[in-house]
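Peer 1: give me the fold of what follows.
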Amino acid sequence: MHYFVKIISLLLINLFPVALATDYNIMSEELPPWNFTENGSPTGVTVEIVREILKKINHPDTITIYPWIRAYRMTRYGRNNILFTMARTSEREALFNWIGPIATERTYFYKHKDTKLHLESLADANNSYTILVTRGFPEQKILLSKGFNNLFITLKTINSFKMLAQHRADLVVSGEFTAKFLMNKNLIDGALIERTNVELLTSDLYIAFSKNIPSNEIIKWQNALNQLKASGKYEEIFKKYMGDDIN
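Peer 2: So this is what the prediction gives:
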């Protein structure tokens with residue numbers, strides 16, 4: 001009898017880590033070049049990085065693309081959720097556990113090349129022009145906190161750029177890597193879009209975890225990411241999408 005109990009106990013011990021791993025709901029959103037859908041499957045810089053991490057920690061690839069707001073709320077208020085790619089801000093710091101950074105993104109104002117609009121400072125944009133920002137992104141809250149009342153919200157950054165190209169707005173606020181990727185892929189017309197010299201913020205991009213996920217799991221993911229960077233695979237993935245624009 002004791003022999004069978006011991007065998008069952010060993011089986012449970014061996015199976016438990018697998019069961020625990022499969023409980024994690026790994027989510028991303030449509031945000032090129034970091035994460036997006038291509039031919040029906042998730043891809044992008046961070047998607048490939050996370051997939052390499054999953055291989056190292058023997059976790060199944062369960063990456064699913066969700067709308068940003070839904071995924072954010074699930075990760076913040078739910079359990080066993082993982083979301084990438086997320087800017088790590090002071091307001092979000094205590095809401096999640098983090099691993100990273102994956103990259104650093106500088107966010108600028110962009111304008112149509114044919115416009116006579118001249119932007120030299122943040123003050124030039126305030127209360128003067130129609131500005132498109134992506135819903136739920138840090139720039140939305142930052143600009144609102146600075147008294148901007150000329151913001152219009154879009155669900156995707158690519159939608160903002162398409163509206164800008166059609167002269168349906170004066171400015172778009174976007175990360176530089178995101179804008180470059182959309183132009184390189186001809187998803188927006190780079191001949192029509194011009195980056196101004198006004199930088200709104202610099203964001204460190206991370207993978208965010210629900211607060212209930214234990215610290216030993218966070219450490220395991222961070223160690224896997226560190227190994228990925230040390231091996232050169234991280235740089236290889238980044239250059240695949242962004243050329244030599246790695247920082």
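Peer 1: can you show me the strands along the protein?
Peer 2: 25-28, 36-38, 41-43, 64-65, 81-87, 97-112, 131-134, 151-154, 171-175, 193-209 (DSSP state E).
Peer 1: contacts for the second one, please.
Peer 2: Around strand 36-38, the neighbours that count as contacts under C-beta atoms under 8 Å, 6 or more residues apart in numbering are 30, 42-44, 65. The C-beta positions use only the backbone N, C-alpha and C, and glycine is treated the same way.
Peer 1: ok so, going back, TSV for the strands of the chain, including mean pLDDT, mean neighbour count and distance to residue 220?
Peer 2: Formatted as TSV, the strands of the chain follow (pLDDT from 0 to 100; neighbours: other C-beta atoms under 10 Å; distance: least, C-beta to C-beta, whole Å):
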stretch	mean pLDDT	mean neighbour count	distance to residue 220
strand 25-28	97	23	14
strand 36-38	94	16	27
strand 41-43	96	17	22
strand 64-65	97	14	21
strand 81-87	96	25	12
strand 97-112	96	20	9
strand 131-134	96	23	32
strand 151-154	95	14	37
strand 171-175	96	27	29
strand 193-209	96	18	11
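Peer 1: and residue 184, which of those is closest to it?
Peer 2: strand 193-209 (12.0 Å; C-beta to C-beta).
Peer 1: partners of the closest one, with directions?
Peer 2: Take DSSP bridges as the rule and strand 193-209 pairs in its sheet with strand 81-87 (antiparallel), strand 97-112 (antiparallel).
Peer 1: closest to residue 227 out of the ones you listed?
Peer 2: Once the strands paired with strand 193-209 are compared by C-beta to C-beta, strand 97-112 is nearest, at 12.3 Å.
Peer 1: mind putting the strands paired with strand 193-209 into TSV with distance to residue 142?
Peer 2: Formatted as TSV, those follow (distance: least, C-beta to C-beta, whole Å):
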stretch	distance to residue 142
strand 81-87	11
strand 97-112	9
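Peer 1: how about the strands of the chain in JSON lines, adding distance to residue 183?
Peer 2: JSON lines is the format used below for the strands of the chain (distance: least, C-beta to C-beta, whole Å):
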{"stretch": "strand 25-28", "distance to residue 183": "22"}
{"stretch": "strand 36-38", "distance to residue 183": "15"}
{"stretch": "strand 41-43", "distance to residue 183": "18"}
{"stretch": "strand 64-65", "distance to residue 183": "22"}
{"stretch": "strand 81-87", "distance to residue 183": "19"}
{"stretch": "strand 97-112", "distance to residue 183": "10"}
{"stretch": "strand 131-134", "distance to residue 183": "16"}
{"stretch": "strand 151-154", "distance to residue 183": "18"}
{"stretch": "strand 171-175", "distance to residue 183": "11"}
{"stretch": "strand 193-209", "distance to residue 183": "7"}
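Peer 1: select, out of those strands, the one closest to residue 229.
Peer 2: With C-beta to C-beta as the measure, strand 97-112 is the member of these nearest residue 229 (9.9 Å).
Peer 1: measure the residue most central in space within the chain to residue 149 for me?
Peer 2: The residue lying closest to the centre of the chain (C-alpha atoms, centre = their mean) is residue 85, at 2.2 Å. According to C-beta to C-beta, to the nearest Å, residue 85 stands 29 Å off from residue 149.
Peer 1: now do residue 108
Peer 2: On the measure of C-beta to C-beta, residue 108 and residue 149 end up 21 Å apart.
Peer 1: residue 120 touches residue 198, doesn't it?
Peer 2: Yes. Between residue 120 and residue 198 there is a contact under C-beta atoms under 8 Å: 7.1 Å.
Peer 1: contacting residues around residue 185?
Peer 2: Going by C-beta under 8 Å, 6+ apart, residue 185 touches residue 32.
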